[in-house]
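Asker: Sequence plus the predicted model coming up.
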Protein chains: 2
Amino acid sequence: MLVSVIKIGGNVIDDKSKLSAFLKEFAALEGLKVLVHGGGKIATEIGEKLGIESKYVNGRRITDRVTLDLVTMVYGGLINKNIVAQLQSLGCNAIGLSGADAGILPAVKRPVKEVDYGFVGDIKSEQVNAAAIAKFLRMGLTPVLAPLTHDGAGNMLNTNADTIAQEVAKALAETMSVQLIYCFEKKGVLCDPADETSVINTITVGDLKELTEKEIVSGGMLPKLENALTAVRAGVQRVIIGQAEELQEIYSGNAGTSII
Amino acid sequence: MLVSVIKIGGNVIDDKSKLSAFLKEFAALEGLKVLVHGGGKIATEIGEKLGIESKYVNGRRITDRVTLDLVTMVYGGLINKNIVAQLQSLGCNAIGLSGADAGILPAVKRPVKEVDYGFVGDIKSEQVNAAAIAKFLRMGLTPVLAPLTHDGAGNMLNTNADTIAQEVAKALAETMSVQLIYCFEKKGVLCDPADETSVINTITVGDLKELTEKEIVSGGMLPKLENALTAVRAGVQRVIIGQAEELQEIYSGNAGTSII
């Protein structure tokens, strides 16, 4: 049985009509599935109203105690529960979970080196509770995961949604066939960034070096692809990177870039 | 197998050290259990900072759209996930749920009569998904329920935690033995409100009329007791009203007021 782990980010979450359209497509997908959502701009907006200053070091957000409370309520409450309620209305029996729920995502607070990122969690890969997620799937439930983990000592932690999708996919791959779908702004990895029709259909582990050397792949796409390759090396059948609007085509292998 | 549905309110939630002490006791209880938590003052405090005005009609809060978003994030995110993370640290495999998750608490938006309460949900008793809650319990999970339901049409709804505890207890009672524990400020129903040692041990369905006529029970206690009796009539084995600090004694039948 194939299970699909599908990740959406801010470009979908921040746009109500785009999110509704996506959830309709997602609900209609047959087969087992897990949705992982990021945070989007709404936490920053609510944070500003609450007088919580967004702090960044080297372009990365610092999660101090008040920011942790902010993301716990916005990611784990507002965004997660509204997605679940919408999926329920579409006939998809969703269950919203943070990494603390059923202990699915134990993490360790990132050690302080040059930068103190605050309450950011690095997932303990070997302790991901894939058995619980698999049980929920067998119950006919569709897990919807917020980008939050916990430290096992009573604290929630803030964790990147791309990483959560990768770790969950890897852990499920130990007992199931898994495909991991990253939805982002573009239709896939493009040969020519200016040409949306130049989607590369397939990238193998061997291709990446060449693509990087020829500078076809660069910038923000590089960590995404490395993330994808890590998942494939760990047993995930394929990773597909594509556009949220094309979810059904991606799902059936007719759109996006597959990393195998 | 006995399952205990235990409800805590603002007097525990708003006091960090009281909440920690309660969760320690709760985690230590043997047997199946479900925790239902109320909202407390924190939503009002965060709402004030966000410029959301609390509106009341006849002493009851009105849930407009912005208030719904506020309670969804505070109840379903901040409070719920922090309780779950703490229980996980105490060895209790908690799973935080709103009424939308796994479709456990379908509700209908309260019809507008003299007052428009806004996005407040009245639970559809016959549609409570007790089977899902029972499955979670059999998986070794401890459900932690936020005071939120959903309308099946994509909207979250705000619902009183006492009512959620009662509805869940009643629905579970169809297939299991259930006791329902309401934690509140006092040690139980008191014969003399000024004397904390005058706890009435047991109230039967027949006693209530007499207690009301003699004005021993009045004010805010009356709806609590009627709530309890409704649960008992619907098959809940016993309802106990007592103090959060005495959870273990209540649980073993040595404190609080039992309604049978």
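Answerer: All right, it came through fine. Residues are numbered from 1 along each chain as shown, chains lettered A, B, ... in the order given.
Asker: What helix or strand is the closest residue to A:Gly256 other than its chain neighbours located in?
Answerer: Nearest non-adjacent residue to A:Gly256, counting by Cβ to Cβ, 6 or more residues apart in numbering or on different chains: A:Gly242, 2.5 Å away. Bear in mind the C-beta positions are built from the backbone N, C-alpha and C, glycine included. According to DSSP states H and E, A:Gly242 maps onto strand A:238-243.
Asker: ok, back up a step: and the residue nearest to A:Gly256, how many neighbours does it have?
Answerer: 24 (other Cβ atoms under 10 Å in any protein chain shown).
Asker: SS state for the residue of the stretch 151-260 of chain A found nearest chain B?
Answerer: Per Cβ to the nearest Cβ, A:Gly154 is where the stretch 151-260 of chain A lies closest to chain B, at 4.0 Å. When classified by DSSP: H, G, I helix; E, B strand; the rest coil, A:Gly154 comes out as coil.
Asker: any idea how far the closest residue to it other than its chain neighbours is from A:Met156?
Answerer: Leaving aside its sequence neighbours, A:Gly154 sits nearest to B:Ser89 (Cβ to Cβ, 6+ apart; 4.0 Å). Taking Cβ to Cβ, to the nearest Å as the measure, B:Ser89 falls 11 Å from A:Met156.
Asker: pretty sure A:Leu19 contacts A:Ile13?
Answerer: Yes. Counting by Cβ atoms under 8 Å, A:Leu19 does reach A:Ile13; the two are 6.0 Å apart.
Asker: tell me the mean pLDDT over stretch A:60-77?
Answerer: Per-residue pLDDT values across stretch A:60-77 average out to 94.
Asker: Please save the CA atoms from that stretch in CSV.
Answerer: The C-alpha coordinates for stretch A:60-77 follow below in CSV (Å, rounded to 0.1, in the frame of the first residue of the first chain):
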residue,chain,number,x,y,z
ARG,A,60,16.7,32.5,10.1
ARG,A,61,14.0,33.2,12.6
ILE,A,62,14.9,33.0,16.3
THR,A,63,12.2,31.3,18.4
ASP,A,64,12.2,32.9,21.9
ARG,A,65,9.7,31.9,24.5
VAL,A,66,6.9,34.3,23.3
THR,A,67,7.5,33.3,19.7
LEU,A,68,7.2,29.7,20.7
ASP,A,69,3.8,30.4,22.3
LEU,A,70,2.8,32.3,19.2
VAL,A,71,3.7,29.5,16.7
THR,A,72,2.2,26.9,19.1
MET,A,73,-1.2,28.7,18.9
VAL,A,74,-1.1,29.7,15.3
TYR,A,75,0.4,26.6,13.7
GLY,A,76,-1.1,24.0,16.1
GLY,A,77,-4.4,25.8,16.7
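Asker: So which bits of it are buried?
Answerer: A:61-64, A:67-77 (16 or more other Cβ atoms under 10 Å in any protein chain shown).
Asker: so who does the residue in the stretch 51-200 of chain A that chain B sits nearest to touch?
Answerer: Here the residue of the stretch 51-200 of chain A nearest chain B is A:Gly77; by Cβ to the nearest Cβ that distance is 2.2 Å. Applying Cβ atoms under 8 Å, 6 or more residues apart in numbering or on different chains to A:Gly77 gives the contacts B:72-78, B:80-81.
Asker: and with 6 Å instead?
Answerer: A:Gly77 makes contacts with B:72-73, B:76-77, as judged by Cβ atoms under 6 Å, 6 or more residues apart in numbering or on different chains.
Asker: Spatially, which residue comes closest to A:Arg233, not counting chain neighbours?
Answerer: That would be A:Val205: by Cβ to Cβ, 6+ apart, it lies 7.1 Å from A:Arg233.
Asker: Determine the number of other residues adjacent to that neighbour.
Answerer: Number of residues near A:Val205 (other Cβ under 10 Å) recorded here: 12.
Asker: so what's the backbone phi/psi at it?
Answerer: phi -50, psi -40 (degrees, to the nearest 10).
Asker: is it true that A:Asn129 touches A:Leu105?
Answerer: No. Between A:Asn129 and A:Leu105 there is no contact under Cβ atoms under 6 Å: 7.6 Å.
Asker: between these two, who's got more neighbours?
Answerer: A:Leu105 (29 against 18).
Asker: number of nearby residues for the nearest residue to that one once chain neighbours are set aside?
Answerer: Once flanking residues are discounted, A:Leu105 sits nearest to A:Gly99: 2.8 Å by Cβ to Cβ, 6+ apart. The tally of other residues near A:Gly99 (other Cβ under 10 Å) stands at 32.
Asker: now do the one 3 residues further on
Answerer: Using other Cβ under 10 Å, A:Ala102 has 27 neighbouring residues.
Asker: Only the buried residues of the helix or strand just after the strand holding A:Gly242, if you could.
Answerer: Later in the chain than strand A:238-243, the nearest helix or strand by DSSP H and E is helix A:247-251. Going by neighbour count (16+ other Cβ under 10 Å), the buried part of helix A:247-251 is A:247, A:250-251.
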